[in-house]
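> What would the 3D arrangement of this be:
(chains A and B)
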Amino acid sequence: MRRQTYLEQLMNKTYILLFFSLFSFSIFAQKTTIRGRVLDKSKEPLVGANIFLRDTYDGATSDVEGNFQFDTEESSAQVLLVKYVGYDSVSQQVNLKGGIFEFNPVLRESFNELKVVVITAGSFEASDERKVTVLKPLDIVTTASAGGDTYGALKTLPGAQVSSGDQEGLFVRGGSGTEAQTFIDGMLVRTPFTASTPDYAARGRFSPFLFKGTVFSTGGYSAQYGQGMSSALILDSQDLPERSAGTLAVSCVGLGFGRQKLWKDKGRAIGGSINYTNLGPYFSLVKQRPDFTHKPEYIGTEGFFRQKTGQSGLLKFYGYYNTGRVGFNTKAPSDSIFSFDVKNANAYTNLSWVSFLNEHWKINLGSSFSHDRNDIATTFNMGILSPDTFNIQNSLTQVRAVATRFFGRLTTLRFGGEYQYATDDFKSERGFGSGLRDHYGAIFAESDLYVTTKLVARLGLRGERSSLLSEARLSPRVSLAYKLTDASQVSFAWGHFYQKGDSLLRWRGDFSGAIPGFQKAEHFILNYQYIKNDRTVRIEGFYKKYEELVTTRFVLANDGKGYAKGLELFYRDKKTFRGVDYWLSYSWLDTKRKFQWYPSEAQPTFAANHVATLVAKKYFPKIRTSVGLAYNFATGRPYYNPDSTIVFLSQRTPAYNNLSINASYLTTVRKAFAVFVLGVTNVLNQEQIFGYRFPPQGGEPVPIKPAANQFFFVGAFFSWGTDRRQEVLDNQN
Amino acid sequence: MKKALSITALFLFALAMQAQTANEKFVKAMEKALSGIDTLKTAEQWLAASNNFERIAQKETKEWLPPYYVAFCQTMAFNMSKDKEMYELFAKRADDFIAKADALNPDNSEIYVLKSMISGLYIRINPMVNGQKYGPVAGLQLEKSKMLDPENPRAYMQQGATLLFTPPQWGGDKVKAKATLEIAAAKYETFKPASSIHPNWGKKTNEMFLEMANK
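Numbering: from 1, shown residues only, chains lettered A, B, ... in the order given. This next block holds a predicted model:
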């Protein structure tokens, strides 16, 4: 026999080694069968879980009973993993020695926004970012009675008055229009409405398309916000747009044109628009009650700039300037004429920066400036006709900083401060006038403490001081929410809310040398909410106590008081009727207060006891048309009759009814996406009376009515994206 | 010296063998996971298939096909599911896995078809909100897919399906759909996958779509 060469020996050895190393598993490894059952915390089987040995192909999927079984030829120390969508993964060190290995993992549901309780007492949120919201931002623009105005849409929600067509603002739960404040990116907006004219409601200045999120709080809101005794409207401005685009709006009341450009790296965007509104042509077609000496005419421009900073930061600037004029003569008591002409100019800027410093800290910084100027020429009817002109100006300069610390996945602590410098100037041609300056500062801290994913407590404290009032106040605020089931939860809120007297009162205060102090409201709110399968039910009860309201009877004092209590229902349903989305709101309100010039506690003129709204929308795909309707109903509001034999504010106006409809036709015109809109308010032409104006010497009162019973809107909106396909393609990588 | 060379050669050979075997193992596992995939019907079946690919994906972190198929299975599970509350989860997972595949194998025509399908899922979750954002993106992803491989039948099938199922006011067009699906059908006839485990699905679905377009 030939002796093997060394190489041959080596080769044999190597081959043997190689042989073993390659096929060792199949020859020597014992086969282990891994089997068991996957359950969740409540012992329910989980179907479709992935059970496997890490870094191997070996594994199985659990069946309907949660059972699984698989064989492996791996041996010794291994890691067994269980993965299931929506649940935390389970991993376990195992030592496989052949035979059968029993493994019965219990999986815990992982963090899921839908499963986490949120505070809902007193607040309605419209957001695309959060899933469980009652409204979506688009709802605001598609509500028939809203006329594209954020405030108009909010009036279809419980808690808000619908029949306040003679006064600007949101009248929430027995609060006057000045008790509801608007905040953009955390900062107070001094003049959120267009120039106000007596007897006619003003619209919101800002387009609903500017905002990605809206929270309408009808009470019990966060300690981050102040100076609104009844309500806070919290608006979050848009981040970077999706693409460069152009827009054109043509309607029966004006023209608008806008452009926005998104940089190629998607890190920067700039945009602007110009709008011109003139109701002249419309008024010559549709008769108006007042005799317009200057038909409403406005010209406005706005611009924005947004820039990503670092990994997570975003710097945003928004600027707005609008100027306009409206003048009219209207019938006053005793056959006299009341005339009014206002020229308004309004500037607003908002600069904000938000960034995560690291995974635990977030910083928000902001500054805002606004200036509003009204030049008013009027003929007052005070027994004798007395013409006068006024120049009214106000401004607000503010800075704000908020730091947020995140603890774990849910619990947060926020704290920060704000400083506002406000000016109010009033000059009358007849010589009297005033100028007020206020340095207002506030600090606040608030924590969302998640005890479990089902129970959260929000504890907040706000301290604020006004130099003008020479007063400081501390407001504690507490909210609790508990999730009963996946779909339902209860929520409670309580807090103190302070507010300076409104501008008009402060001017008067200056005349007499005394400035009234803070007014106070205390809120108690209990809320139940159920959201499932495109159905939403909300029931909310509240009690509000007013103290230290400013009175102007003889001297200025803080001796007013009052209460408001009520029950509100909201039901939204997108399911029952195919393709129909509708909601119903009902508010019952019982309120009385003594404030301003009221001689005794009474239901205020802006409060109706029962308010109900139905909003419905349906899209007809075949004709590419979306149709909406809104019915607003309110029982009569108190009005003042100077006849001393009549109990103060005991009479009521007739009930208010308003059926609005709208239709939008969606299409494309060349490359532009186009929407043609048609809208009519008060389709049934029902009479609306907001109150009465009585002649000082007695006689027939003159009802206060809208300028016209109905409003017809016809418009077209076009938007087109810049065709930069290649650029977008390049950015896909 | 000779010995040393021989040993080195042997060693290299052994390594290659091992690599070869590992690759064979991968291909076998993939083939097993792919077998019968064209017969799956329910969302549960697709999710089980997804699990198989996910197991392979967690072992073969350098291969783009396992995450590609996870994304594909999640997309199909979405299509078969009636549980609206799960839609977002499926779309999100599909999105996560296609991003992994894309990172491992950039500029791949097949990946862009799937990306476009996933954009379509987001539109279906909330047409009003997501339509504006994902509509143009989905179109561009298909354009890119066709640019990367003009012979990919799935790009044309997906384009045809989009034209077929999109309401006319948003750009749907049955006539164009039919023409595009016919192009897809022709390309399916000549299409040869790069290997037994490369994407080779959709021929039957395309025939079904064509039938619908013909009605």
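
> okay, now whatever residue of the stretch 501-650 of chain A ends up closest to chain B: neighbour count?
Chain B sits closest to A:Arg624 of the stretch 501-650 of chain A, with a gap of 4.0 Å, by CB to the nearest CB. For every residue, glycine as well, the C-beta is placed using N, CA and C. Counted with other CB atoms under 10 Å in any protein chain shown, residues neighbouring A:Arg624 total 16.

> Equivalent analysis for A:Asp335, please.
Here the number of neighbours of A:Asp335 (other CB under 10 Å) works out to 10.

> Quick check: it vs A:Gln697, distance?
According to CB to CB, to the nearest Å, A:Asp335 and A:Gln697 sit 12 Å apart.

> before we move on, what about A:Val118?
For A:Val118, the distance to A:Gln697 - CB to CB - is 58 Å.

> Which one of those two is surrounded by more residues?
A direct count of neighbours by other CB under 10 Å for A:Val118 and A:Gln697 places A:Val118 higher, at 17 against 9.

> That one touches A:Val456, doesn't it?
Yes: shown here, A:Val118 and A:Val456 form a contact pair, counting by CB atoms under 8 Å, at 7.4 Å.

> if I look at these two, which residues touch both of them?
Residues touching both A:Val118 and A:Val456 (CB atoms under 8 Å, 6 or more residues apart in numbering or on different chains): A:Ala481.

> what separates B:Trp64 from B:Ala71, distance-wise?
Separation of B:Trp64 from B:Ala71 (CB to CB): 11 Å.

> which residues do these two both contact?
Shared contacts of B:Trp64 and B:Ala71, counting by CB under 8 Å, 6+ apart, come down to B:Ala101.

> Who has more neighbours out of these two?
When B:Trp64 and B:Ala71 are compared for neighbours, B:Ala71 comes out ahead with 27 against 20, by other CB under 10 Å.

> which SS class is that one?
Classification of B:Ala71 by DSSP: H, G, I helix; E, B strand; the rest coil places it in helix.

> Show me the domain layout of chain B.
With domains defined by automatic domain parsing, chain B comprises B:40-150, B:155-215.

> A:Leu96: what's it in contact with?
Neighbour list for A:Leu96: A:Gln30, A:Thr32, A:Ile34, A:Thr72, A:Glu74, A:Ser75, A:Ser76, A:Gln78 [criterion: CB under 8 Å, 6+ apart].

> in the sheet, who's paired with the fourth one?
Judged by DSSP bridges, the bridge partners of A:Thr72 are A:Thr32.

> Let's see the pLDDT reported for the residue of the stretch 501-650 of chain A closest to chain B.
Looking at A:Arg624, its pLDDT reads 79.

> Show me where the chain has its helices.
Picked chain A for this. A:6-28, A:137-142, A:150-154, A:280-285, A:503-512, A:725-731 (DSSP state H).

> right idea, wrong chain: chain B
Secondary structure of chain B (DSSP H): helices at B:2-34, B:43-59, B:65-80, B:84-104, B:109-125, B:127-148, B:153-165, B:174-190, B:203-214.

> Which positions within the shortest one qualify as buried?
Across helix B:203-214, burial judged by 16 or more other CB atoms under 10 Å in any protein chain shown covers B:Lys203, B:Asn206, B:Phe209, B:Leu210, B:Ala213.

> which residues are in contact with it?
With contacts defined as CB under 8 Å, 6+ apart, helix B:203-214 is touched by B:38, B:153, B:157, B:160-161, B:164, B:174, B:177-178, B:181-182, B:184-185, B:188.

> Ok, the fourth one next?
Residues external to helix B:84-104 that are found in contact with it (CB under 8 Å, 6+ apart): A:85-86, A:114, A:131, B:43, B:57, B:62-65, B:67-68, B:70-72, B:74-75, B:77-78, B:81, B:108, B:111, B:114-115, B:118, B:121-122, B:124-125.

> Filter those down to just the buried residues.
Buried by 16+ other CB under 10 Å: A:85-86, B:43, B:57, B:63-65, B:67-68, B:70-72, B:74-75, B:77-78, B:81, B:108, B:111, B:114-115, B:118, B:121-122, B:124-125, out of those.

> Any chance you could give me stretch A:98-108 in CSV, C-alpha atoms only?
Once non-C-alpha atoms are left out, stretch A:98-108 reads as follows in CSV (Å, rounded to 0.1, in the frame of the first residue of the first chain):
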residue,chain,number,x,y,z
GLY,A,98,-33.1,18.3,21.8
GLY,A,99,-36.5,17.0,22.5
ILE,A,100,-39.4,19.3,23.1
PHE,A,101,-39.1,22.8,24.4
GLU,A,102,-42.3,24.4,25.7
PHE,A,103,-42.6,28.1,25.4
ASN,A,104,-45.7,30.1,26.3
PRO,A,105,-45.1,33.8,25.9
VAL,A,106,-47.5,36.4,27.2
LEU,A,107,-47.3,39.6,25.2
ARG,A,108,-48.0,43.1,26.4
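
> Can you mark which positions in it are buried?
Per 16+ other CB under 10 Å, stretch A:98-108 contains these buried residues: A:Phe101, A:Phe103, A:Pro105, A:Leu107.

> contacting residues for the first one?
Right, the one you point to is A:Phe101. Counting by CB under 8 Å, 6+ apart, the residues that A:Phe101 touches are A:Thr32, A:Thr33, A:Ile34, A:Arg35, A:Val94.

> Same check on the last one?
Each residue near A:Leu107 by CB under 8 Å, 6+ apart is listed here: A:Val38, A:Leu39, A:Asp40, A:Lys41, A:Leu46, A:Ala49, A:Val82, A:Tyr84, A:Tyr87, A:Asp88, A:Val90.

> What pLDDT is listed against the last one?
Meaning A:Val90. 90.

> So in terms of bridging, what pairs with it?
Beta bridges link A:Val90 to A:Val82, judged by DSSP bridges.

> these two touch, right, it and A:Asn104?
No: counting by CB under 8 Å, A:Val90 does not reach A:Asn104; the two are 10.6 Å apart.

> For the closest residue to chain B within the stretch 151-300 of chain A, list the residues it contacts.
As assessed by CB to the nearest CB, chain B sits closest to A:Glu242 within the stretch 151-300 of chain A, at 5.0 Å. By CB under 8 Å, 6+ apart, A:Glu242 lies in contact with A:Leu262, B:Gln132, B:Lys133.

> Pick out the lowest-pLDDT one from these.
Among the contacts of A:Glu242, pLDDT bottoms out at B:Gln132, giving 72.

> Could you find the closest non-adjacent residue to that residue?
The shortest distance from B:Gln132 to any non-neighbouring residue, by CB to CB, 6 or more residues apart in numbering or on different chains, is to A:Glu242 (6.9 Å).

> The one you found and B:Met117: what is the separation?
Using CB to CB, we find A:Glu242 at a distance of 20 Å from B:Met117.

> What helices and strands are in contact with the longest strand along chain A?
Identified as the longest strand of chain A according to DSSP state E is strand A:384-407. Helices and strands touching strand A:384-407, by 3 or more CB pairs under 8 Å, 6 or more residues apart in numbering or on different chains; DSSP states H and E, are strand A:187-189, strand A:361-382, strand A:411-428.

> and the ones you listed, which one's lowest on average pLDDT?
What stands lowest among those, in mean pLDDT terms, is strand A:361-382, with a mean of 90.

> Indicate each strand paired with that strand and its parallel or antiparallel sense.
Here strand A:361-382 has these sheet partners by DSSP bridges: strand A:336-356 (antiparallel), strand A:384-407 (antiparallel).

> Report the distance from the shortest one to the chain centre.
Put plainly, it is strand A:336-356. Relative to its chain's centre, strand A:336-356 lies at 20 Å (CA atoms, centre = their mean, to the nearest Å).

> show me what contacts the residue of the stretch 51-200 of chain A found nearest chain B?
Closest residue of the stretch 51-200 of chain A to chain B, CB to the nearest CB: A:Thr61 (4.1 Å). With contacts defined as CB under 8 Å, 6+ apart, A:Thr61 is in contact with A:Gly48, A:Ala49, A:Asn50, A:Ile51, A:Phe68, B:Leu47, B:Ala48, B:Asn51, B:Asn52.

> now swap in A:Leu589 and tell me
Neighbouring residues of A:Leu589 by CB under 8 Å, 6+ apart: A:Arg173, A:Gly174, A:Ala564, A:Lys565, A:Gly566, A:Ala607, A:Ala608, A:Asn609, A:His610, A:Val611.
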